[in-house]
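Novice: Quick one, what's the 3D model for this:
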Amino acid sequence: MSDAPVSPASLGLGLAAVGRPAYITAGRDGDLGDPAERTIEAMRARSHDLLDAAWDLGIRYVDVARSYGYAEEFLGAWLRRHPERAADLTIGSKWGYAYVGDWRMDAEVHERKEHSVAMFRRQWPETLAALGRTPDIYLVHSVTADSPALSDADLLEDLRRLAGTGVRVGLSTSGPRQAAVLDAARTLEATPFSVVQATWNLREGSVGPALARAHDDGWIVVVKEALANGELAAGDSDGVRVAAAAAGLSPDSFAIGAARARAGVDIVLSGAATRAQLRRGVDAPAVRVDDATRRRLAVDPDLYWRRRSERPWG
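Specialist: All right, here's what the predicted structure looks like:
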């Protein structure tokens with residue numbers, strides 16, 4: 001670990017964990033209590049409380065998506081309560097998944113993916129209606145190597161038109177080939193994209209060099225899942241807890257601090273479900289993790305994403 005000072009990336013608040021009753025993040029019962037009490041009203045109140053806390057802590061980036069249950073609606077209602085704050089906030093949202101869980105913990109399917117031009121044309125006005133304003137950033141949600149989002153001519157033309165209005169158009173990435181997808185989007189002829197939201201954490205950092213290339217090209221770089229859906233928050237048997245203790249930090253502060261210290265990263269999202277988690281993210285110092293430690297903590301990307309796909313919704 002280097003003791004050299006690092007200017008950390010800003011922290012943003014993502015509402016994925018509190019926009020719907022079920023999600024794949026570990027420890028939700030401890031964070032949110034009895035699943036039967038996760039009513040729409042209760043989750044709206046929790047979202048608004050976290051947004052108030054984030055504002056007070058100086059967080060000015062909020063991330064939502066069409067598939068995050070009622071997250072866009074929750075944020076839109078909060079913005080209507082605080083219109084004086086809107087000009088100082090950057091709002092990012094995503095299209096390409098629909099929430100189909102019907103606010104049920106036991107839903108067989110919680111979200112459905114579709115990267116068609118028809119889906120974009122349907123979801124863009126839904127986002128506008130839910131937020132009550134135009135988002136500053138609009139991303140294709142979870143682009144993988146098999147997505148048509150980088151090859152559909154009609155869709156790309158629609159996205160270019162949207163970018164021409166001043167909205168920063170981008171993509172979020174998932175899967176073990178994130179780097180290749182990002183490089184393809186970045187080098188696409190007349191690319192409409194200028195923002196990426198990618199998974200980077202101490203388990204799965206393979207996209208790191210591609211993020212640096214995007215940042216060098218002037219893209220906004222946002223890191224998601226810095227805690228690996230909660231896996232890194234409590235530490236584990238193969239080194240995270242030991243490495244965090246050596247840095248004098250809790251495992252979650254260590255993991256978020258490592259993401260905030262990455263060169264070329266502008267924003268690291270906190271998926272906090274409680275005020276305490278949000279505060280620890282804000283307080284997490286930038287932590288430079290040496291190459292040997294990163295290799296020791298990392299897992300094979302294919303294994304990482306396979307395990308992630310197997311996480312239960314709870």
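Novice: roughly how far apart are residue 201 and residue 268?
Specialist: 10 Å (Cβ to Cβ, to the nearest Å). For every residue, glycine as well, the C-beta is placed using N, CA and C.
Novice: Now for those two: what residues contact both?
Specialist: 223, 226, 259 (Cβ atoms under 8 Å, 6 or more residues apart in numbering).
Novice: Now, those residues that are in helices?
Specialist: residue 259 (DSSP state H).
Novice: ok, of the shared contacts of residue 201 and residue 268, which one's closest to residue 53?
Specialist: Lowest distance from residue 53 to the shared contacts of residue 201 and residue 268 (Cβ to Cβ) belongs to residue 226, with 18.5 Å.
Novice: What's the separation between that closest one and residue 260?
Specialist: Counting by Cβ to Cβ, the gap from residue 226 to residue 260 is 8 Å.
Novice: any residues in contact with both of these two?
Specialist: Shared contacts of residue 226 and residue 260, defined by Cβ under 8 Å, 6+ apart, comprise residue 268.
Novice: Settle it for me: which of these two has more neighbours?
Specialist: Neighbours per residue, other Cβ atoms under 10 Å: of residue 226 and residue 260, the larger number sits with residue 226, 28 against 24.
Novice: and the residue lying closest to that one once chain neighbours are set aside, what does it touch?
Specialist: Leaving aside its chain neighbours, residue 226 sits nearest to residue 259 (4.0 Å; criterion: Cβ to Cβ, 6 or more residues apart in numbering). Shown in contact with residue 259 (Cβ under 8 Å, 6+ apart): 9, 200, 201, 223, 226, 265, 268.
Novice: can you give me the strands in the chain?
Specialist: With DSSP state E, the ranges of strands along the chain come out as 10-14, 61-63, 90-95, 97-99, 111-113, 137-143, 168-173, 193-199, 220-224, 267-270.
Novice: helices and strands around the fourth one, which ones?
Specialist: Spelled out, that is strand 97-99. strand 111-113 (3 or more Cβ pairs under 8 Å, 6 or more residues apart in numbering; DSSP states H and E).
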